[in-house]
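Trainee: Make a model of this:
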Amino acid sequence: MKKVSIKKLLGTALALALLLAVTSMPESVTASPNLVGNPGFETGAVSPWTGAGTYSVVSTNASTGTRSARVEGAGGNSAFNQTITGLSPNTAYLLSGWFKAASGNVSIGVKNYGGTQIAYSTASTSYKQQTIAFTTGASNTSAQIFLWKGDAGYGYGDDFSLTLASSPVPTGIPGSWNLAFNDEFNGTSLDTSVWNSNWFGAAGAVSPPVNAYETAAYDPAQVSVGGGSLSLATVSKPVTVNGTAYPYRSGLINSNGHKQFTYGAFEARIYLPASGAGVIANWPAFWTDGQNWPTDGEMDIMEGISGQAQYHFHSPSGGPGGSASGDFTGWHTYGADWESGSVNYYYDGALVGTISSGITSSPMYLILDYAIGMYGGPTLVPATMKVDYVRVWQH
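Mentor: This next block holds a predicted model:
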């Protein structure tokens with residue numbers, strides 16, 4: 001979010017896009033049973049898969065065994081689909097599959113799990129293994145996996161698996177990850193060994209906001225934990241801090257002095273109140289910051305600017321970023337993969353943007369806040385931003 005110059009960035013809409021890349025499978029993190037029926041098509045039948053377009057089980061082009069699934073894109077889209085039932089809500093799963101294309105591209109993915117469809121594509125003529133991490137929605141108990149081809153030629157798939165992850169995994173972010181930090185907010189109070197509840201103020205004190213464009217001071221009384229989530233609440237309760245009067249108070253937490261990270265996958269599941277259809281109220285943010293701004297960098301994973309969900313990366317080189325299309329009010333997952341020289345941003349497991357200039361390498365701490373101010377969306381008071389969890393993984 002949010003040192004002073006960030007607020008110049010109000011535009012640059014980017015369309016929500018699927019990441020078309022193939023990556024190596026992460027190290028196995030689960031020994032749970034495979035939930036996919038007929039995963040290698042060795043029965044010779046399609047069932048319990050279903051199909052669309054031109055599809056068949058063939059006795060050629062197997063990754064292992066003797067059979068594979070074949071889809072042909074000529075004349076329209078073709079797919080193998082399987083709906084997996086009996087899943088647990090709000091739970092991390094791993095989908096894995098092998099696929100290749102005789103020509104053109106072929107994709108595997110997952111949808112209808114309570115989040116945005118995640119799909120990966122390959123044009124490789126040799127089998128590649130792809131693993132997709134996803135987390136079911138708060139009330140979702142099923143997911144649909146698929147092998148899909150939309151252009152001419154054949155595509156093949158084999159050896160699918162869907163397993164319960166033994167520890168949380170990043171949503172939609174490829175790679176091999178180890179969980180470095182998580183707070184699930186399952187207690188009844190904020191963990192003060194990890195978090196501060198104001199902006200560089202004494203413990204328990206009301207502090208000024210992050211910058212001069214905000215109109216709410218940060219009051220630890222507006223921060224609470226209960227019911228499995230963190231709450232950051234706005235309230236109309238005037239206060240004067242350091243000689244400046246603020247008409248509102250709100251909540252903020254940061255891990256400065258406790259937890260900081262260099263590189264990794266960062267993710268939070270957040271509920272954002274709406275001020276209208278698809279319009280994010282106030283000025284919420286999930287971000288990281290270094291000790292010396294802007295030299296050490298600032299990574300805005302999600303910031304509600306002018307009612308839209310935006311991302312940026314600030315450094316001495318500037319503050320490039322963009323806006324994700326769609327409605328991001330309510331519950332959504334926001335993530336970023338910070339690597340040397342680049343940051344990929346993921347909303348609900350889908351890649352929404354990449355920044356590859358001015359990426360810093362100094363440690364940064366975590367921040368979540370619910371600001372009110374001129375660069376946010378319409379002011380809504382009272383209102384409560386909720387956070388289900390915050391997680392960080394590293395290679």
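Trainee: Name every strand pairing with the helix or strand in which residue 370 is found and say which way it goes.
Mentor: Taking DSSP states H and E as the criterion, residue 370 maps to strand 364-371. Here strand 364-371 has these sheet partners by DSSP bridges: strand 252-254 (antiparallel), strand 260-261 (antiparallel), strand 283-289 (antiparallel).
Trainee: what mean pLDDT does that strand have?
Mentor: Strand 364-371 carries an average pLDDT of 98.
Trainee: For it, list every residue counted as buried.
Mentor: 364, 365, 366, 367, 368, 369, 370, 371 (16 or more other Cβ atoms under 10 Å). (Each C-beta comes from the backbone N, C-alpha and C, glycine too.)
Trainee: Now flag whichever of those residues is closest to residue 116.
Mentor: residue 368 (21.5 Å; Cβ to Cβ).
Trainee: List the contacts of the closest one.
Mentor: Residues near residue 368 by Cβ atoms under 8 Å, 6 or more residues apart in numbering: 230, 232, 252, 253, 254, 268, 270, 285, 286, 385, 387, 390.
Trainee: most neighbours, which of those residues?
Mentor: Within the contacts of residue 368, most neighbours by other Cβ atoms under 10 Å means residue 270, with 29 neighbours.
Trainee: Residue 61 - how many residues pack around it?
Mentor: Neighbour tally, residue 61, other Cβ under 10 Å: 17.
Trainee: With residue 356 instead?
Mentor: Counted with other Cβ under 10 Å, residue 356 comes out at 12.
Trainee: biggest separation within the buried residues of strand 364-371, which pair?
Mentor: Most distant of the buried residues of strand 364-371, by Cβ to Cβ, are 364 and 370, 20.0 Å apart.
Trainee: quick check: angle from the helix or strand harbouring residue 266 to strand 364-371?
Mentor: Using DSSP H and E, residue 266 falls within strand 264-272. If you take axes from the mean of the first three to the mean of the last three Cα atoms, to 10 degrees, strand 264-272 sits at 10 degrees to strand 364-371.
Trainee: how about the helix or strand that strand 264-272 is followed by: buried residues?
Mentor: Next along the chain after strand 264-272, taking DSSP H and E as the criterion, comes strand 274-276. For strand 274-276, burial by neighbour count (16+ other Cβ under 10 Å) applies to 274, 275.
Trainee: Repeat that for stretch 229-237.
Mentor: 229, 230, 231, 232, 233, 234, 235, 237.
Trainee: Can you give the contact residues for it?
Mentor: With Cβ under 8 Å, 6+ apart, stretch 229-237 has contacts from 183, 185, 190, 216, 219, 222-225, 247-253, 271, 282, 284, 368-370, 372, 380-388.
Trainee: which among those residues end up buried?
Mentor: So, by 16+ other Cβ under 10 Å, the buried ones in the contacts of stretch 229-237 are 183, 185, 190, 216, 219, 222-225, 248-253, 271, 282, 284, 368-370, 372, 380-381, 383-388.
Trainee: follow-up on the earlier one: could you check how far the strand holding residue 266 is from the centre of its chain?
Mentor: Put simply, strand 264-272 sits 6 Å off its chain's centre (Cα atoms, centre = their mean, to the nearest Å).
Trainee: And the contacts of stretch 334-342?
Mentor: Against stretch 334-342 from outside (Cβ under 8 Å, 6+ apart): 170-173, 175, 263-270, 286, 299, 301-302, 309, 311, 343-347, 349, 354-356, 359, 361.
Trainee: Give me the residue ranges of this structure where confidence is low.
Mentor: 1-31, 75 (pLDDT under 70).
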